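In: sharing a model prediction with you, sequence too.
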Amino acid sequence: MKFAKRLLLAIAVIYLLPALASAGLWAMREHPQGWRDARWSSSGALPQADADGEAAVYVFSAMTGGFKGSVASHAWIVLKKPGATAYDRYDKVGWGTPIRRNGYAADAFWYSNTPRQVVAIHGAEAEKLIPKIEKAIADYPYGKPGGYRIYPGPNSNTFVAHVLRSVPELGVVLPPDAVGRDYLPNGAFYHVADDWKDASISLGGLFGISAGARSGFEVNFLGLVAGVDFGRPGVKIPGLGYFGVADTRI
């Protein structure tokens, strides 16, 4: 009985209180009334694609709309091949063609929320990674109509997390507020990275543990993630996000 009480207290302190705090902060801000009122234009976070001839790879994340935006974000991938004069953006959405190419500006606001850069890679390294990323996008098992479920997945974050797992050279995981990222495709119970630097166990994206050079140590409870990052020292707090040292890779 004591163990059960302590477990419930830990869940309340680690997961529920931060989520409630995040919801309270969200409620104090102004938000668009709906999809039509939201801002979807370029945020200016990226330079013009034709500013240089280098290849580039970006992963972005932004808080989403509605009340779920208090604890959940949306992620997408941006590619620029050598010499290209435009970016290619890939999102997983819940309507129409699930994997949307260039449905929005590469660095667009998402439901009026400013995009956060998860990782940016340029030059020869990006050029080497782009074919691998394109293959991972093509191989995503939920890329057809009907292959979307907002919670616990597969959703937009499940898609981007699949690409990050398939191309570990990208060197990152999605932010802790990327609900759905821990949903492993095809009913898998565990995943070990090809480079053996990261591993995760997941029960349908609802419960799980991840550990390694990229994840640090994380525990997922009902899609809310708490953890510690060792690569760039900091903590991951459910709903509130990452707090710690800025990542030198972006």
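Out: Happy to help now that I have it.

In: residue ranges of the strands in the chain, please?
Out: 56-63, 73-80, 88-92, 99-101, 116-122, 190-192, 198-203, 207-212, 216-221, 224-229, 234-237, 241-244 (DSSP state E).

In: which among these is found nearest to G143?
Out: strand 99-101 (4.9 Å; C-beta to C-beta). To be clear about C-beta, it is placed using only N, CA and C from the backbone, and glycine gets the same treatment.

In: next, the buried residues of the closest one.
Out: Going by neighbour count (16 or more other C-beta atoms under 10 Å), the buried part of strand 99-101 is 99-100.

In: circling back to that earlier point, packed most tightly, which of the strands of the chain would that be?
Out: Most buried of those, by mean neighbour count (mean count of other C-beta atoms under 10 Å): strand 73-80, with a mean of 26.

In: contact partners for H31?
Out: Taking C-beta atoms under 8 Å, 6 or more residues apart in numbering, we find H31 in contact with 65, 69, 111-112.

In: next one: I133
Out: 57, 77, 79, 163, 167, 170.

In: hmm, try it at 7 Å
Out: By C-beta atoms under 7 Å, 6 or more residues apart in numbering, the contact list for I133 reads 57, 77, 79, 163, 167.

In: and the residue nearest in space to the middle of the chain, what's its pLDDT?
Out: Against the mean C-alpha coordinate of the chain, by C-alpha atoms, centre = their mean, the closest residue is L174 at 3.7 Å. Note on L174: pLDDT of 96.

In: kindly provide the distance from the nearest residue to it once chain neighbours are set aside to A199.
Out: The shortest distance from L174 to any non-neighbouring residue, by C-beta to C-beta, 6 or more residues apart in numbering, is to R181 (4.5 Å). Separation of R181 from A199 (C-beta to C-beta, to the nearest Å): 15 Å.

In: the residue nearest to the centre of the chain contacts A75, correct?
Out: Yes. Under the criterion of C-beta atoms under 7 Å, L174 makes contact with A75 at 5.5 Å.

In: now for those two: what residues contact both?
Out: 61, 157, 160.

In: could I get the full set of helices for the chain?
Out: For the chain, applying DSSP state H gives helices covering 2-11, 17-28, 123-139, 156-166.

In: nearest to L240, of the ones you listed?
Out: If we rank the helices of the chain by C-beta to C-beta, the stretch that ends up nearest is helix 17-28, at 5.2 Å.

In: ok, and what's touching that closest one?
Out: If you take C-beta under 7 Å, 6+ apart as the criterion, helix 17-28 is touched by 69-71, 224, 237-240.

In: buried sites along that helix?
Out: For helix 17-28, by 16+ other C-beta under 10 Å, it's 18-19, 22, 26.

In: quick check: bridge partners of Y58?
Out: Counting by DSSP bridges, Y58 forms beta bridges with V78, A120.

In: which ones are touching it?
Out: 78, 117, 120 are the contacts of Y58 under C-beta under 7 Å, 6+ apart.

In: coming back round to it: residue contacts, the residue nearest to the centre of the chain?
Out: 61, 75, 118, 157, 160-161, 164, 181.

In: touching, L170 and H162? I think so.
Out: No. Counting by C-beta under 7 Å, L170 stays clear of H162, with 11.8 Å between them.

In: so for stretch 146-156, mean pLDDT?
Out: For stretch 146-156, the mean confidence score works out to 93.

In: got the end-to-end distance for that stretch?
Out: Taking C-alpha to C-alpha, to the nearest Å as the measure, stretch 146-156 stretches 13 Å from start to finish.

In: any weak-confidence spans in this structure?
Out: 246-250 (pLDDT under 70).

In: mind doing that once more with 80?
Out: Where the chain drops to pLDDT under 80, the residues are 1, 7, 33, 35, 95-98, 245-250.

In: so what's the residue count around the closest residue to A226 other than its chain neighbours?
Out: Spatial nearest neighbour of A226, excluding adjacent residues (C-beta to C-beta, 6+ apart): I14 at 5.0 Å. I14 has 17 neighbouring residues, counting by other C-beta atoms under 10 Å.
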